[in-house]
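Asks: next comes the sequence, and after it the predicted model I'd like to discuss.
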Amino acid sequence: MTTDTLNNTSTADIEVAVNQGDNSGNHDHKMTGIKRWLYTTNHKDIGTLYLWFAFIMLLTGGALAMVIRAELFQPGLQLVEPDFFNQLTTVHGLVMVFGAIMPAFTGFANWMLPMMLGAPDMALPRMNNWSFWILPFAFAILLGSFFMESGAPNFGWTFYAPLSTTYSNGSTAFFGFAVHIMGISSIMGAINIVVTIMNMRAPGMTYMKMPLFVWTFFITAYLLIVVMPVLAGVVTMILTDTYFGTSFFDAAGGGDPVMFQHIFWFFGHPEVYIMILPAFGIISTTIPAFSRKKLFGYSSMVYATSSIALLSFLVWAHHMFTTGMPLFGELFFMYCTMLIAVPTGVKIFNWVATMWRGSLSFETPMLFSIAFVILFTIGGFSGLMLAMTPVDFQYHDTYFVVAHFHYVLVTGSLFSLYAGAYFWLPKWTGHMYNDTLSKWHFWCSLISVNLLFFPMHFLGLAGMPRRIPDYALQFADFNKWVSIGGFAFGLSQLIFLAVVIKCIRGGEKALAKPWDGAVGLEWTVASPAPYHTFSAPPSQQDIDKQHEN
Amino acid sequence: MTNKEYENYYVPSQSHWPIVGAVALFFIAIGAANYVTDLAKEQSGYGGYLLLAGIALVIYMLIGWFSDVIRESLAGKYSAQMGESFRQGMSWFIFSEVMFFAAFFGALLYLRVFSVPWLGGAGNNAATGAVLWPDFVAHWPLLTTPGGTTTSAMGWFGLPLLNTILLLTSSITAHFAHSALIKNNRSALKTWLGLTIVLGLAFIFFQVLEYAHGYSEEMRLFLDSGVYGNTFYLLTGFHGMHVTLGCIMLIVMWFRILQGHFTPEKHFAFQAASWYWHFVDVVWVILFVFVYIL
């Protein structure tokens, strides 16, 4: 009970401690060493595990990208074989999507949701541990396939049939079962998030009083529960097609390779919103804090997020305009896709309106947030260009697409994760991060990321295809600059590692509420947050206060 | 902040079951992957043993994990709010299972409505039919594939109809068992639940018979007999696996009832098993319509 400074005098708590004496004898007792992390049921421990795992995967996926950019530094084949190049792009994508961005958001959910809702922990704590610990094993299998006879998967992260079936290099089984485990992890994580939000809100925390951060994770978790089983289904079909002679994606048996794309993108398009909606939640928390104003249009933000989620089920075939769909299909999916710009525009407008006439200050989380708003909007606009069927015939499978989704995933999702990490690091560690280093991290990242991804737009418009190890000479200059930007961006992320390690080991003591504009229940507890928070619910007054500012 | 009115939410202390479960899944994945890879290369390996070890470990984990939960529940540590978490968790889990089946039903509909007719030249695909498979005639069930594999169709009358009746009846008996539990009529509970289990086991038995019939020389309906066989075996197969899991759940409930577990107010595990049973029943009805009849 020693670490729990706020609630340890509660009589209710002491009763709990006595009641729970079966294993450890004490509610607040932590095991030491590795067992603490292996056996933990604590949402903060599990959040920490998720975040570290995600960061290690970010560096791993980044290392793969460095090799890709080194190969593409100049035309011609110099470093790697074309087949290995395909393995690099495939595993880079899988690691970044399933290993870095998604677990990082789950880490945020674990750390923040119980504190924001005034709940003692996640609703299903043991399952929470399970959903984390199966992930490292899944990635051990995926990354381990590099060292196998077959090599790693080489069919792109989208594993289109027949590349992953008839023409697979033999890695399909390892890939398939690894993805199954990742899916199980995501589904369990999502169920836990949904149940926590529906059932663990403190008394008086109505749905429309929840922080927007909570709303975005709520909606994201629903998307996950709907689409991850569909991914499991399509992976199963790929496995049976490859190993048991079924012909779901083989015309000779009555199937259709295009059906793979339909089922995959029914998962895949909501999946990209799974990676961006939580980012909206983080940005909707940081921008009001550093503008010292209430979030503009809270309820419109809730409705916009829900609309984006619903529309995400009606747009999957915009990834498939060139497959030869009927004209009606192309028009339907084009218009639905463009419709998404409306709720997204509402969001951008609201963030800008929140900043309008606010007393802005530019701490590192705010810098990342503003960069997010601008750069994500660029990614959104290139998305609109891709949504237009006739022009998509030109852009399809070029570097323009690569530029588009890296703007939304790197300067979108990843930048929001950095904004959130700097924002809550004081709460997590009890120390302020090193401000100078963090600014270096921001400016180096900002400049290099644009050098890295912006010229890709021009490369794509000029016709450079994606997923190739060599290219025509006219693309040489831009590729050189892109590679330089890539190396600089990769190295800049090591600054973040240094900031985090320094912040954990020491630094200026953080106040319970280090940001004067911040609102929310997490700031009513000490920094670092006690091991167990809100064993007794917070007061109604504290809950209501978060909507004043 | 101190408020005695609130029931405490039980946060279990450290547990080693999740990490056991993680290692188990690792063994299953790596074992199954090695097994099918070796199968494709027609060589023997150690994958099957790893797979079996993983399955054994999962069973060990489930027994241990659920024992802990049952012990905690009997010790009265679970509040009503905890029960609500379990119920919501279970319902979302069942919903995710629905989506898993939806992927396969979606594939079935796509194959029937689009890909098979297109292969026969429907729509603007006349060239596909004329150039690639001029002899192919589109029909469903797809008894002769464009590649020339032939098979025969499983009718809905006979075993499938019998199984439909069995499973629908078992859903009703499961509901009667639940009502008996709520009325605290333990002997009726045991009877109805026992009957549900018997009906479930009978379903599995007849399903195995049907598969044997499908694989016989007479029918030659195999898993790799084109998309009709694919969808038939994957849909009924995954459904059969779920029925088996549901049966195991119900059998565990049976033994727990013999031990005197569950009260009219508190019986989450029983309710979860019963929900699961109704879910496999509903999936079967959809399956019976789209796979067998239509």
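Replies: Looks like it came in fine.

Asks: which intervals of the chain have sub-threshold pLDDT?
Replies: No chain was given, so I picked chain A. A:1-29, A:547-549 (pLDDT under 70).

Asks: not quite, I wanted chain B
Replies: The model of chain B has pLDDT under 70 over residues B:1-7.

Asks: the closest residue to chain A within it: which element?
Replies: The nearest approach of chain B to chain A comes at B:A103, 2.7 Å away (C-beta to the nearest C-beta). To be clear about C-beta, it is placed using only N, CA and C from the backbone, and glycine gets the same treatment. Taking DSSP states H and E as the definition, B:A103 sits inside helix B:80-110.

Asks: check the offset of that helix from the chain's centre.
Replies: 11 Å (C-alpha atoms, centre = their mean, to the nearest Å).

Asks: how many residues are close by the closest residue in space to A:T89 that isn't next to it in sequence?
Replies: The spatially closest residue to A:T89, leaving aside those adjacent along the chain, is A:R467, at 5.4 Å (C-beta to C-beta, 6 or more residues apart in numbering or on different chains). By other C-beta atoms under 10 Å in any protein chain shown, the residues close to A:R467 number 16.

Asks: and the contacts of the host helix or strand of B:V116?
Replies: In this assignment (DSSP H and E), B:V116 forms part of helix B:116-119. With contacts defined as C-beta atoms under 8 Å, 6 or more residues apart in numbering or on different chains, helix B:116-119 is touched by A:251, A:254, A:256, B:123, B:125, B:128-129, B:132-133, B:136, B:138-140, B:142, B:146, B:227.

Asks: max-length helix in the chain?
Replies: I went with chain A, as the question did not name one. helix A:212-243 (DSSP state H).

Asks: let me rephrase: I mean chain B.
Replies: Secondary structure of chain B per DSSP H: the longest helix is helix B:226-258.

Asks: please tell me how far the residue nearest to B:L223 when sequence neighbours are not counted sits from B:L143.
Replies: In this structure, B:L223 finds its nearest non-sequential neighbour in B:Y233, 4.6 Å apart by C-beta to C-beta, 6+ apart. Separation of B:Y233 from B:L143 (C-beta to C-beta, to the nearest Å): 15 Å.

Asks: using PDB, list the CA coordinates for the helix holding B:V116.
Replies: Presented in PDB, the C-alpha positions along helix B:116-119 are these (Å, rounded to 0.1, in the frame of the first residue of the first chain):
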ATOM      1  CA  VAL B 116     -19.000 -18.600 -60.800                       C
ATOM      2  CA  PRO B 117     -21.400 -16.800 -63.200                       C
ATOM      3  CA  TRP B 118     -18.600 -14.600 -64.400                       C
ATOM      4  CA  LEU B 119     -16.500 -17.600 -65.200                       C
END
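
Asks: what about it, distance to the chain center?
Replies: That offset, for helix B:116-119, works out to 30 Å (C-alpha atoms, centre = their mean).

Asks: and what of stretch B:185-196?
Replies: Distance of stretch B:185-196 from its chain centroid, counting by C-alpha atoms, centre = their mean, is 23 Å.

Asks: kindly report the domain assignment for chain B.
Replies: By the assignment in automatic domain parsing, chain B contains the domains B:1-78, B:80-293.

Asks: any chance of these in a markdown table, plus mean neighbour count?
Replies: Listed next are these as a markdown table, based on neighbours: other C-beta atoms under 10 Å in any protein chain shown:
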| stretch | mean neighbour count |
| --- | --- |
| domain B:1-78 | 17 |
| domain B:80-293 | 18 |
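
Asks: could you dump those into JSON lines and include distance to A:T196?
Replies: As requested, these are arranged in JSON lines below (distance: least, C-beta to C-beta, whole Å):
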{"stretch": "domain B:1-78", "distance to A:T196": "11"}
{"stretch": "domain B:80-293", "distance to A:T196": "8"}
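
Asks: quick revisit: could you point out which element follows the helix holding B:V116?
Replies: Later in the chain than helix B:116-119, the nearest helix or strand by DSSP H and E is helix B:126-127.

Asks: helix or strand right after that next one?
Replies: helix B:159-182.

Asks: tell me which residues are up against that next one.
Replies: Outside helix B:159-182, the residues within contact range by C-beta under 8 Å, 6+ apart are B:154, B:186, B:188-189, B:192-193, B:195-196, B:199-200, B:202-203, B:206-207, B:209-210, B:213, B:243, B:250, B:262, B:264, B:267, B:270-271, B:274, B:277-278, B:280-281, B:284-285, B:288, B:292.

Asks: ok, the next helix or strand after it near chain A or not?
Replies: Sequence-wise, the next helix or strand downstream of helix B:159-182 (DSSP H and E) is helix B:186-214. No: on the criterion C-beta under 8 Å from any C-beta of the partner chain, helix B:186-214 is out of touch with chain A, staying 14.6 Å away.

Asks: other SSEs contacting helix B:186-214?
Replies: Applying 3 or more C-beta pairs under 8 Å, 6 or more residues apart in numbering or on different chains; DSSP states H and E, one finds that helix B:186-214 contacts helix B:159-182, helix B:226-258.

Asks: that one vs helix B:159-182, what angle?
Replies: 160 degrees (axes from the mean of the first three to the mean of the last three C-alpha atoms, to 10 degrees).

Asks: going by residue numbers, what spans are helices in the stretch 251-400 of chain A?
Replies: In the stretch 251-400 of chain A, the helices defined using DSSP state H, counting those that start in this stretch lie at A:257-274, A:277-291, A:298-311, A:327-339, A:341-355, A:364-387, A:389-395, A:399-408.

Asks: how far away is A:V258 from A:D250?
Replies: 12 Å.

Asks: among those two, which residue is more densely surrounded?
Replies: Per other C-beta under 10 Å, whichever of A:V258 and A:D250 has more neighbours is A:D250, with 23 against 20.

Asks: apart from its neighbours in sequence, what residue is nearest that one?
Replies: A:D241 (6.6 Å).

Asks: what residues are up against that neighbour?
Replies: A:D241 makes contact with A:A161, A:T165, A:S247, A:F248, A:F249, A:D250, A:G255, according to C-beta under 8 Å, 6+ apart.

Asks: you'd agree the last one is up against B:V227?
Replies: Spelled out, it's A:G255. Yes: in this structure, A:G255 is within contact of B:V227 by C-beta atoms under 8 Å, at 5.2 Å.

Asks: what touches both of the two?
Replies: Taking C-beta under 8 Å, 6+ apart as the contact rule, A:G255 and B:V227 both touch A:T246, A:S247, A:F248, B:L111, B:S115.

Asks: in stretch A:133-148, which residues are buried?
Replies: A:133-139, A:141-143, A:145-146, A:148 (16 or more other C-beta atoms under 10 Å in any protein chain shown).
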